[in-house]
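In: sharing a model prediction with you, sequence too.
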Amino acid sequence: MGVLNVTPDSFSDGGQFFSFDKAIAHAEQMISEGADIIDVGGESTRPGSEFVSDDEELRRVIPIIERLASSIPISIDTTKASVARAALQAGAEIVNDISGLRFDPVLADEAARAGAGLVLMHSRGTPKTMQQLPPVDDVMSEVINGLRESIAIAEQHGVRRESIAIDPGIGFGKTAEQNLELIARLDQLAREFPDFLLMIGTSRKAFIGKLLNDAPADARLHGTIATVVAAVLNGAHIVRVHDVKAVVEAVRVADAIRNAKAYAS
Ligand code: PT1
């Protein structure tokens, strides 16, 4: 899944793709590099970021979705039912909700009505405040319990189990060590939720920079590759990334190694 931020303030490529033409060109590049899905987001969710209004978010994402949806499956990265609804109408096929239905459970009705895919991500608090929360004791239990709640809400609103993907929410209200633990133990999460696709987003995040002498976001590619390979070996099905070409190559090899293990045992 290639990341397409259409925001003036996203953390690693903020402002770069904020014009329509630049956003489309970047999406086409990611498609040519082997992306299977483009994740379109009009509201930054990096730590410390502010909410934007429904109207502003719609103004940013809808023209982009209308233009791209005939070329590739589109997911809409939003927590708002109104934005999800318009995006699905414009041709998006997946709703990616970083709040796991905590902010707007009505979003599940929109996904259900459209027969769309729904990504339920675990997070704590809001993007503005999540990194100021006191860390939880047991991050794996917190994520498992949170995802179970999100899945229950989705199913109550009519979303089919096979339409749901789960995501541990790397960087959303977790310490750097907890992010590493979630990647290292992703196989455990996969075993807890055998009926669901497993997605993860580690790309260019701060915990990688921290391991690399505070490398800035644009110097975290090799660290990102390490996280993606670990995630695939531990059962991830979908990886959300900025650097599509490099990650597609790494995932092809990691996936072949994973399959070699499955066939050998
Ligand atoms: C993600 C994700 C997302 N991440 C899903 N959607 C972001 N399903 C946006 C940092 O610590 O992992 N899964 N949508 C981006 N959010 C962040 C969070 C960016 C933390 C950066 C950090 O640097």
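Out: Looks like it arrived, so ask away.
In: okay, CA-based contacts and neighbour counts for the rest of this
Out: OK.
In: residues in contact with stretch 211-228?
Out: Stretch 211-228 is touched from outside by 11-12, 183, 202-206, 208-209, 239, 243, 246-247, 250-251, with contacts defined as CA atoms under 8 Å, 6 or more residues apart in numbering.
In: which of the residues you listed fall in helices?
Out: Among those, the residues falling in helices (DSSP state H) are 183, 206, 208-209, 246-247, 250-251.
In: now, which of those lie close to the ligand?
Out: residue 206 (CA under 6 Å from any ligand atom).
In: what about the strands in the stretch 101-250 of the chain?
Out: In the stretch 101-250 of the chain, the strands defined using DSSP state E, counting those that start in this stretch lie at 117-121, 164-167, 197-200, 238-239.
In: mean pLDDT for the ones you listed - can I get that in a markdown table?
Out: A markdown table is the format used below for the strands of the stretch 101-250 of the chain (pLDDT from 0 to 100):
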| stretch | mean pLDDT |
| --- | --- |
| strand 117-121 | 99 |
| strand 164-167 | 98 |
| strand 197-200 | 98 |
| strand 238-239 | 98 |
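In: still on that earlier bit, in a markdown table: the ones in helices among the contacts of stretch 211-228, plus neighbour count and pLDDT.
Out: Listed next are those as a markdown table, based on neighbours: other CA atoms under 10 Å; pLDDT from 0 to 100:
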| residue | neighbour count | pLDDT |
| --- | --- | --- |
| 183 | 24 | 99 |
| 206 | 20 | 97 |
| 208 | 26 | 98 |
| 209 | 19 | 98 |
| 246 | 16 | 98 |
| 247 | 27 | 98 |
| 250 | 16 | 98 |
| 251 | 19 | 98 |
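In: for the ligand, state which of the ones in helices among the contacts of stretch 211-228 is nearest.
Out: Distance to the ligand across these (CA to the nearest ligand atom) is lowest for residue 206, with 3.6 Å.
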